[in-house]
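Asks: pasting the sequence and the predicted model now:
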Amino acid sequence: MVSKKTLEDTIIERVRPFITENMEKTWGLAIPKLEEDITSKLAKEQTTIPIRFTLTYEKALQEFKKEFFRRELQKHQNISFLAKLLGVSRRSVHRSIKELGITVPKKTKEEQKQYFKEQEIYKTLREALLEYRTLFRQDKMDALYQSLPNLSKTIAHEIPEQEASTWKSAKRDFETRYLRHHISLGDKLKDVAKKIGMRAESLSRKLKILGLR
């Protein structure tokens, strides 16, 4: 998998200039802090699946799994490949897709891969800009929003492809981040277990396996 450091370096070196150029063309000036926020978000969004910490363990894992499947399917558009990654049968993958309510658009592999990257980048750019919406006139913000689709396409061509993750490693990433978040709140182990809908013994065992305790 492309390391986060390498991805950040790539975004800074090859993508940030496009962001600067786009802002100067649209607004007549560049804003270093906004550029930094955008590049940071782009790097993070390309490597991290979000976790809903407010949900119980099982529900949060289900949401995480759905996003994992969605990303891998949309990136690779190949059921056999995904089945191999997960170490399960094609039938199991099809069943999971149905149970998780994932829709696989009818596009060629390359078209879908490019479309997915553009949509993810567009979403990241828009979210970054929303944090600045109260600082600039609405017409300036509207002008920048209108430029995002083309900018997203440009950036999508510059960000390197990443190798697929295995579900085993993705699930371990989820458990580590999810449980670390909850135990960092300082509650007693039994209270954490109750909050996330898990038996205290099971939580203690997972923490030891993950090296969190």
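Replies: Perfect, I can see it now.
Asks: show me what the helix or strand harbouring residue 171 is packed up against.
Replies: Element membership of residue 171 [criterion: DSSP states H and E] is helix 167-183. Judged by 3 or more Cβ pairs under 8 Å, 6 or more residues apart in numbering; DSSP states H and E, helix 167-183 is in contact with helix 57-76, helix 189-196, helix 200-209. Glycine gets a C-beta too; all of them are placed from N, C-alpha and C.
Asks: quick one: closest of the ones you listed to residue 146.
Replies: Checking the helices and strands packed on helix 167-183 against residue 146 by Cβ to Cβ gives helix 57-76 as the closest, at 25.3 Å.
Asks: now whichever helix or strand comes after the closest one and helix 167-183, what's the angle there?
Replies: Where DSSP H and E defines the elements, the next helix or strand beyond helix 57-76 is helix 79-86. Counting by axes from the mean of the first three to the mean of the last three Cα atoms, to 10 degrees, helix 79-86 lies at 60 degrees to helix 167-183.
Asks: under the pLDDT cut-off, which ranges of this protein? List them.
Replies: Within the chain, the ranges that satisfy pLDDT under 70 run 1-8, 43-47, 75-77, 85-86, 104-113, 116, 160-165.
Asks: what does the domain assignment say about it?
Replies: Structural domains assigned to the chain are 4-165, 166-213, following automatic domain parsing.
Asks: that older thread, buried deepest among the helices and strands packed on helix 167-183, which one?
Replies: Among the helices and strands packed on helix 167-183, helix 57-76 has the highest mean neighbour count (mean count of other Cβ atoms under 10 Å), at a mean of 18.
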